[in-house]
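Novice: Need a 3D model of the sequence below.
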Amino acid sequence: MAELTDIQLPDLPDDVLQQIAKHVRARGKPKLIHGCIGLDAKSTVWSLLALRDTCRAWRRVVDDVLTWHLDLAVSVNIKMASESSTTTSIHSHVTSRWGAKVVVLRDDLRTEQVGDAVIPESPPQAPESLWIIGRNEPLDAGRHIALSQVRSIAVHGERAELSRALASKQYLPCLSTVLERTAMWFRHASAMKIEVPVPVASLVAPLAVLGPTLTLLDVCVGDSEWDNVAATITLPALYELRVTFHTGKPIRNMLAAPRLQKLCVQTHLIHPDLVQTYAAQWASTLRKLDLNAAIQGNFPVSNTPDMDTAREWLWLRTLTCPAPALNLLVPTTASDEGMSPLPTLRSLHLVSEQQIGRHLHSVTPASCPAALPRMPSLTTACLDTLRLPNTIFADLATVAPRLAQLDLARSLLIKHGVPMSRAVFPALERLVVHDPEVSQAAVTAVDAPVLKHVCLHEFVTKVPWPSVTSGELVALGWIGYRPVVRRTKVWPR
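Specialist: This is a model prediction of the structure:
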């Protein structure tokens, strides 16, 4: 009989050790940001860091399993060096939003400005790891985190403080240098979020460093130079882009990202070219498009060769945009030719232009697109604060046969002489309508054999769908200047 030999844990294959490490990480329930672990003192993942220092096998496994998210606080320090000279220091340091851990860096990433002359400090040598200690722990009780394992960073700070410092362009080189050195320290980061409004020019240098690895970018732009600078930025690996603009100038351009699949833009105005030209270049790859902005029709539209050419959004799953943008995304020629320009769209949310960034009581409903494109995979539709044609239910039943959830909250019905026809929704399970005329039209025209939940105006006295198991009656009211919806649950009793 062969003699049994003892097997040590590091002797197991790496794939087995990875499963053990993943189980320990999951049991700790760490806070995840962009798929990376935040600094949480209560998490048991710190035991994996102790294992990492035991042998090379655990070092390899832990480095593959643990990726970290760090918060970077950007602050501004202005000191009077003399009566005629001012020393300004903009620096960043790593913090923990949950107050659980403190990251100790050898040097701040900073640059100084004296008067009109910019005096950058010599960039500090980036260490191989960061030293992390608990709030009440001694320094020798800290733990190492490899800089190469920091894959997500978020930059935040006092908005008012930065706004005052960046009001003058002389501080722009300071902020640009700080962000660039931060990117050099964490050059392996795949996700970056900047929560404070920064000039777009200060993003060029850090994005050039992180360009090969960055897959998610969430930035807040505080000036009106985006159209001039964005064309010079290329991010070849970018998967998701979220941009918030704090400017009244219409946004026309977008940075180059050949692999982009999710685009979210929040601003006051966008130029039609942003939809017809720049968003259309990702028609074959984009999966999510969110345009939280208004489109004004008094801009000259560029004559692009494919403006009137039918295009297919092959992978688009989620679309949120003002109603006029739908006609720009999907030309009318696509519907005329019997094509399906949105073959995989699952969720559609159309809003009124006037609703963007304004209070509801000042909203004037915009017109619903005259001709809705065919959407054979659509399951959820929300037409919010729009003027709906008399045939809206018949139109939706024709273009979206798989529709399961329909929300017409705050939309109004307009009469244009076309008689109301019966609409059959074989898959509709949820219907939400607030306006009394639209509610009455739904009761009259909608045939939904599997409808389960309804939310109608309180003027409706009889529900014609026997399959309904739960529902609400609503009444529009006001509290001061704020509109409210009063709900009364009536099913099940």
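Novice: doesn't residue 326 make contact with residue 386?
Specialist: No - in this structure, residue 386 is not within contact of residue 326 by CB atoms under 8 Å, at 10.9 Å. Backbone N, C-alpha and C define where each C-beta goes, glycine included.
Novice: who touches both of the two?
Specialist: Residues within reach of residue 386 and of residue 326 at once, by CB atoms under 8 Å, 6 or more residues apart in numbering, are residue 350.
Novice: between those two, which one's more packed in?
Specialist: More neighbours surround residue 386 than the other of residue 386 and residue 326, with 23 against 19 (other CB atoms under 10 Å).
Novice: Need the phi and psi values for the more buried one.
Specialist: The phi and psi values for residue 386, taken as degrees, to the nearest 10, are phi -130, psi 160.
Novice: Could you break the protein into its assigned domains?
Specialist: 13-66, 67-223 (automatic domain parsing).
Novice: The ones you listed: lowest mean pLDDT?
Specialist: With a mean of 68, domain 67-223 has the lowest mean pLDDT of the domains of the chain.
Novice: Report the separation between the two terminal residues of that domain.
Specialist: Domain 67-223 has an end-to-end distance of 33 Å (CA to CA, to the nearest Å).
Novice: for stretch 230-243, same thing?
Specialist: Stretch 230-243 stretches 12 Å from its first residue to its last (CA to CA).
Novice: Quick one: mean pLDDT over that stretch.
Specialist: Taken as a whole, stretch 230-243 carries a mean pLDDT of 94.
Novice: quick one: contacts of it?
Specialist: 190, 200, 203-204, 207, 211-221, 253-267.
Novice: what do you get for stretch 408-418?
Specialist: Here stretch 408-418 makes contact (CB under 8 Å, 6+ apart) with 360, 363, 365, 368, 382-392, 432-435, 437-438, 441-442.
Novice: what's around residue 490, how many residues?
Specialist: Residue 490 has 14 nearby residues by other CB under 10 Å.
Novice: Next, work out how far apart residue 237 and residue 457 are.
Specialist: 50 Å (CB to CB, to the nearest Å).
Novice: what do you get for residue 214?
Specialist: For residue 214, the distance to residue 457 (CB to CB) stands at 48 Å.
Novice: In terms of neighbours, single out the busier of these two.
Specialist: Ranked by neighbour count (other CB under 10 Å), residue 214 and residue 457 place residue 214 first, with 22 against 18.
Novice: three-state assignment of that one?
Specialist: For residue 214, the assignment made with DSSP: H, G, I helix; E, B strand; the rest coil gives coil.
Novice: Show the backbone phi and psi for it.
Specialist: Backbone geometry at residue 214, expressed as degrees, to the nearest 10, gives phi -70, psi 120.
Novice: what residues are up against it?
Specialist: Neighbour list for residue 214: 189, 190, 191, 192, 207, 235, 237, 238 [criterion: CB under 8 Å, 6+ apart].
Novice: In helices only, show me the residues you listed.
Specialist: Counting by DSSP state H, the contacts of residue 214 place residue 207 in helices.
Novice: which one of the contacts of residue 214 is nearest residue 313?
Specialist: Nearest to residue 313 among those, counting by CB to CB, is residue 238 at 18.8 Å.
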